[in-house]
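In: Pasting the sequence and the predicted model now:
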Amino acid sequence: MLGGILYLMLVPAILVLGMTVSLSLSRPNIGRIRIEPAKAAIIGAALTAVGGLIPRSALFSTLGFLSLPVLTIVSLMVITVIAEKAGFFRLLAWRIARAAKGNGVRLFTYLFFTGTITGTLFTNDAAVLIFTPMVYYLIEEIADESWKPVNKVPYYFAVLYVANLVGAFIISNPINIIVSGWFGIGFVEYALWMVIPAIVSMVVTYYGMRVFFRRLIPKSCRARPQTEVKINGSGFMIASGVVMLLILLGFFSEKLTGIPAGYIAAAGAVALAIVYQIYRRGSLEEVAKGVGWDAIIFVIGIFIVISGLRNAGFTNIIGGLIMKALASGEQMGTFAASFVAGSCSAFMNNHPVAGMMAMAIRDLPLTDISTRMLAFSALIGGDLGPKMLPIGSLAALMWFRILRSKGVEISYWQYIKLGVPVTLSAILLSVLALNLEYVIYIALR
């Protein structure tokens, strides 16, 4: 009887998720209203609540849980916007171009690795939003007469792919923030486990791109951009840099101070806003407009939809699949969690998948360390999986939209041909690295 009731709830819960994801990706016009991802998530959350797919107590519990992760994401976006206004990213792009010294391959390498560091320290959605137009203009400035339009494509992919690597830190990806909060994983603990898998994913992705674009990356470029970058207000940049350094130190000292990363990020965002007011005397409305509020609303709405799926028993199905894999050994369980998360993220977007995997894993009858390993494995899949299909992440959707607004068309087939083999290789080797860490951890206990 109970199973039949849950089944009756499961069908509409899956339909609501399918509708929400479909509307997010297709962005149809209904009358004069364009249904963007945020609006789609609001519709999905409303149907979940009104349709009785989630009890009111569970709804309030979900919103209460999301408060700190959302505060963290908003704070990091504010920090990113003010860093951009201080000129950090423009100066970085200009320095990269100068350091390449007319070598197109070196330019590609420098863009990828400096972008990786930037994407690690700032949320990936914000990094893509700011870096994509910046690199577009940089490439236009540094391309010489021998370049064809296809020779610019590898550099655009370099920008996108740094946003879809394994996040070395909690702050590197919004789904890391959500899932880590779900399992009570702190900033330092997360970094200790995930830095090595992140490095592995970075190396695999870089060489995969080098092989794929070996005939397209130009050998030469202009030795320096045609237009020099001028930074107005060095005091603003220095003060902002000091505050951001203190924020980073605060993240790493979380275990000593006991202050969650979200509160540190919020304090840092307030401090940077004060610095912005002192040096620029600009309106904070400009900073607020730069925050990706649509992404925030999407995260909240889709998490409510996933909570409805959990209430209907869908996460139990995922949990059952993982438990079957665990019967063959813990390593098989981690690979299963990662590949399920990665493949589902490619088709359904990694935000809802991260929520489903977190809820499914948390409900499993496992030890604390085994639960954490599965959570880390699922995050590896969730961070990397979006590279397989264009619909996998908000970062990719924003990347396509920005480039199209500049007249650049990237085919979905090219995206898939590169993304599938590189992603599967990166997931496999990153999870192997995580499992090796786990074996060493158990041996040293």
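Out: That came through, no problem.
In: would you list every one of the strands in the stretch 1-150 of the chain?
Out: 29-30, 33-34 (DSSP state E, counting those that start in this stretch).
In: so where's the stretch 201-350 of the chain uncertain?
Out: For the stretch 201-350 of the chain, the stretches with pLDDT under 70 are 226-233, 281-282.
In: can you map out the helices along it?
Out: 234-252, 254-257, 261-280, 284-290, 293-311, 314-326, 330-348, 350-362 (DSSP state H, counting those that start in this stretch).
In: CSV for the strands of the stretch 1-150 of the chain, including mean neighbour count?
Out: All C-beta spots, glycine's among them, are computed from the backbone N, C-alpha and C. Output for these, formatted as CSV (neighbours: other C-beta atoms under 10 Å):
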stretch, mean neighbour count
strand 29-30, 8
strand 33-34, 10
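In: Format those as JSON lines; extra columns: distance to residue 401 and mean pLDDT.
Out: JSON lines is the format used below for the strands of the stretch 1-150 of the chain (distance: least, C-beta to C-beta, whole Å; pLDDT from 0 to 100):
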{"stretch": "strand 29-30", "distance to residue 401": "16", "mean pLDDT": "80"}
{"stretch": "strand 33-34", "distance to residue 401": "12", "mean pLDDT": "82"}
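In: mind putting the helices of the stretch 201-350 of the chain in CSV, distance to residue 111 included?
Out: Below are the helices of the stretch 201-350 of the chain laid out as CSV (distance: least, C-beta to C-beta, whole Å):
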stretch, distance to residue 111
helix 234-252, 21
helix 254-257, 31
helix 261-280, 26
helix 284-290, 23
helix 293-311, 24
helix 314-326, 37
helix 330-348, 25
helix 350-362, 24
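In: Turn those helices into JSON lines, including mean neighbour count and distance to residue 399.
Out: Compiled in JSON lines, the helices of the stretch 201-350 of the chain are given as follows (neighbours: other C-beta atoms under 10 Å; distance: least, C-beta to C-beta, whole Å):
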{"stretch": "helix 234-252", "mean neighbour count": "16", "distance to residue 399": "24"}
{"stretch": "helix 254-257", "mean neighbour count": "12", "distance to residue 399": "31"}
{"stretch": "helix 261-280", "mean neighbour count": "19", "distance to residue 399": "24"}
{"stretch": "helix 284-290", "mean neighbour count": "14", "distance to residue 399": "17"}
{"stretch": "helix 293-311", "mean neighbour count": "24", "distance to residue 399": "13"}
{"stretch": "helix 314-326", "mean neighbour count": "18", "distance to residue 399": "29"}
{"stretch": "helix 330-348", "mean neighbour count": "23", "distance to residue 399": "15"}
{"stretch": "helix 350-362", "mean neighbour count": "27", "distance to residue 399": "14"}
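In: which residues does the residue nearest to residue 141 when sequence neighbours are not counted contact?
Out: Closest residue to residue 141 apart from its sequence neighbours, by C-beta to C-beta, 6 or more residues apart in numbering: residue 225 at 4.0 Å. Going by C-beta atoms under 8 Å, 6 or more residues apart in numbering, residue 225 touches 94, 97, 138, 141, 142.
In: Please repeat the previous calculation with a cut-off of 6 Å.
Out: Neighbouring residues of residue 225 by C-beta atoms under 6 Å, 6 or more residues apart in numbering: 97, 141, 142.
In: I'd assumed residue 98 was in contact with the last one.
Out: Meaning residue 142. No: taking contacts as C-beta atoms under 6 Å, residue 142 lies outside contact range of residue 98: 9.8 Å.
In: I'd like the distance from residue 438 to residue 106, if you could.
Out: Separation of residue 438 from residue 106 (C-beta to C-beta, to the nearest Å): 37 Å.
In: If you count surrounding residues, which of these two has more?
Out: residue 438 (20 against 16; other C-beta atoms under 10 Å).
In: Where does that one fall, secondary structure wise?
Out: Taking DSSP states H and E as the definition, residue 438 sits inside helix 412-444.
In: Could you name the helices and strands sitting against that helix?
Out: helix 187-212, helix 330-348, helix 368-384 (3 or more C-beta pairs under 6 Å, 6 or more residues apart in numbering; DSSP states H and E).
In: Let me have these in JSON lines, extended by distance to residue 63.
Out: Putting the helices and strands packed on helix 412-444 into JSON lines (distance: least, C-beta to C-beta, whole Å) gives the following:
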{"stretch": "helix 187-212", "distance to residue 63": "23"}
{"stretch": "helix 330-348", "distance to residue 63": "22"}
{"stretch": "helix 368-384", "distance to residue 63": "22"}
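In: Count the neighbours of residue 17 for me.
Out: Neighbour tally, residue 17, other C-beta under 10 Å: 21.
In: Can you give me every residue that contacts the nearest residue to it once chain neighbours are set aside?
Out: Excluding the flanking residues, the one nearest residue 17 by C-beta to C-beta, 6+ apart is residue 305, at 5.5 Å. Residues near residue 305 by C-beta under 6 Å, 6+ apart: 16, 17, 20, 44, 48.
In: Please flag which of those residues sit within helices.
Out: 16, 17, 20, 44, 48 (DSSP state H).
In: and the spatially closest residue to residue 92 that is not a sequence neighbour, how many neighbours does it have?
Out: In space, and not counting its chain neighbours, residue 92 is closest to residue 114: 6.4 Å by C-beta to C-beta, 6+ apart. Neighbourhood size, residue 114 [other C-beta under 10 Å]: 18.
In: ok, residue 114 to residue 280 distance?
Out: 25 Å.
In: for residue 408, same thing?
Out: 32 Å.
In: And the nearest residue to residue 208 once chain neighbours are set aside, how far from residue 415?
Out: Once flanking residues are discounted, residue 208 sits nearest to residue 422: 3.6 Å by C-beta to C-beta, 6+ apart. As judged by C-beta to C-beta, residue 422 and residue 415 stand 11 Å apart.
In: These two: which has the busier surroundings?
Out: Just comparing residue 422 and residue 415: by other C-beta under 10 Å the higher neighbour count belongs to residue 422, 24 against 20.
In: From residue 319, how far off is the more buried one?
Out: From residue 422 to residue 319 the distance is 29 Å (C-beta to C-beta).
In: ditto for residue 169
Out: For residue 169 relative to residue 319 (C-beta to C-beta), the value is 27 Å.
In: do residue 389 as well
Out: Taken as C-beta to C-beta, the span from residue 389 to residue 319 is 25 Å.
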